[in-house]
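*Asks:* here is my input, please return the structure:
(chains A, B, C and D)
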Protein chains: 2
Amino acid sequence: MSDFKIPGITVYRLALYARALERFLAEGKDLISSEELARECGVNSAQLRKDLSYFGQFGVRGVGYSVPALLKHIKRILGTDREWPMVLAGVGHLGMALLNYDLLAQRGFRFVAAFDVDEKKIGRVINDVYVYALEQFGWVVKEHPVKIGVIATPASAAQEVADLFIEHGIKGILNFAPVRIKHPKNVVVEHSDLTILFDKVAFYTRRLD
Amino acid sequence: MSDFKIPGITVYRLALYARALERFLAEGKDLISSEELARECGVNSAQLRKDLSYFGQFGVRGVGYSVPALLKHIKRILGTDREWPMVLAGVGHLGMALLNYDLLAQRGFRFVAAFDVDEKKIGRVINDVYVYALEQFGWVVKEHPVKIGVIATPASAAQEVADLFIEHGIKGILNFAPVRIKHPKNVVVEHSDLTILFDKVAFYTRRLD
DNA sequence: TACTGTGAAATATTTCACAGCA
DNA sequence: TGCTGTGAAATATTTCACAGTA
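*Replies:* Numbering: from 1, shown residues only, chains lettered A, B, ... in the order given. Next up is the predicted model:
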């Protein structure tokens, strides 16, 4: 029921539950138990109920949860019941993949502009998103109420781009460059270094037999 | 000093330390304290020392750690001191980004073959990797001692691809499709759903002020 | 009856704080 | 002296187990 000090891992799992609920909803399922939803997500059912209990009571005892209602509640909790206009820095292969990832736009995460320093990329339009020169960042974001910025540049450019983002009022940064970003406390940075995922798979694969 | 029941989060942090050490090494730094390395990675220095202590003693009291030696130790622990030939299923935008991600190959994670069901993609060569029809999977992997498979297909194809991987002896799977893969216990699956990262950023961004 | 919601117990992880050593 | 390595304490997270209720 609380509203602060939510474990980061709980936020992660709420997003996981939302994904699963979207699938169940698409299948036309109307009602679900914590047991069934938890199994689908690979967690313990008490954990799922505890995660939800930080935010309220969404089920019916003896019955379960309404799939559409619970999804709506979780989206409201996560803040994904709204549109999140975003900007992208770095239109390399990963940046291209993000611009073309339609699932993101379907969920309200929509890129309104992309930026690069490569002359060959500036001026291109990718999946309806225009690629600007990085120097144009200031006036482009003035046109758009952007809160989230995504970094898909090489590591060497990441901090500089983050500083530019922060200077222009961006509050949430998703950083795919393999380097830790320094940032003030009133800015949120989520790091996602893909190479680390491969390291983890290697570690656990080697220990198998 | 133990060798089993390593917290998953410790494995993650070891990879983080390796990335930072690579940067320090590139800068020519020879010696580092747990304090400095921990700060660079955003963790507590006791945590870093504890993480390492699961695997041995790698420092010198009163002095610190040798940057190249510690990096070598961590890579040996992670199993990234060797080559990991891999296969990719799904040559969409994300698959393309992975095939072109040279940092991966530099670290020994090398795609030896890619697979797709789209006629237009089959037969193409991307960053020296040939794209085969998915039906050819069996005989292609017979040629290569592949342990790790990467799934970058749509969610609807992911389980089918995973089953094919597992049937042909793949032991470690990195799944980028936004769906949980069912798998036997002697196979490792690491899930990475990019949409969840965006949800997390949205959650924390909204709570800021 | 068949579930949820949640204190309390169990477990896991992080941090402290200091002994040990180059 | 200035660091690492590590038990022990503190904290966080997960799971149990059962009261509550449609």
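*Asks:* how is chain A divided into domains?
*Replies:* As assigned by automatic domain parsing, chain A contains the domains A:8-78, A:84-196.
*Asks:* just give me the longest helix of chain A.
*Replies:* helix A:8-26 (DSSP state H).
*Asks:* can you tell me if the helix or strand just after that one touches chain B.
*Replies:* Elements were assigned by DSSP states H and E; along the chain past helix A:8-26, the next helix or strand is strand A:31-32. No - Strand A:31-32 stays clear of chain B (C-beta under 8 Å from any C-beta of the partner chain), getting no nearer than 15.1 Å. Heads up, the C-betas are built off the backbone N, CA and C, glycines and all.
*Asks:* quick one on the thing from earlier: just put the domains of chain A in a markdown table and tack on distance to B:Val131 and mean pLDDT.
*Replies:* Below are the domains of chain A laid out as a markdown table (distance: least, C-beta to C-beta, whole Å; pLDDT from 0 to 100):
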| stretch | distance to B:Val131 | mean pLDDT |
| --- | --- | --- |
| domain A:8-78 | 28 | 97 |
| domain A:84-196 | 15 | 97 |
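*Asks:* how about the ones you listed, which one is nearest DNA strand C?
*Replies:* The closest approach between DNA strand C and any of the domains of chain A, judged by C-beta to the nearest atom of the strand, belongs to domain A:8-78 at 2.8 Å.
*Asks:* endpoints of the closest one, how far apart?
*Replies:* Using C-alpha to C-alpha, to the nearest Å, one end of domain A:8-78 lies 12 Å from the other.
*Asks:* what's the angle between the one helix or strand A:Leu52 maps to and helix A:8-26?
*Replies:* Secondary structure from DSSP H and E places A:Leu52 in helix A:45-53. Angle between the axes of helix A:45-53 and helix A:8-26 is 100 degrees (criterion: axes from the mean of the first three to the mean of the last three C-alpha atoms, to 10 degrees).
*Asks:* quick one: strands adjacent to the helix or strand just after helix A:45-53?
*Replies:* Remark: after helix A:45-53, the chain's next helix or strand is strand A:65-66, criterion DSSP H and E. Strand A:65-66 has the following strand partners under DSSP bridges: strand A:31-32 (antiparallel).
*Asks:* burial count for A:Val125?
*Replies:* When neighbours are defined as other C-beta atoms under 10 Å in any protein chain shown, A:Val125 has 10 of them.
*Asks:* ramachandran angles for it?
*Replies:* For A:Val125, the backbone dihedrals (degrees, to the nearest 10) come out as phi -120, psi 120.
*Asks:* go ahead and confirm it touches A:Val131.
*Replies:* Yes - judged on C-beta atoms under 8 Å, A:Val125 makes contact with A:Val131 at a distance of 7.3 Å.
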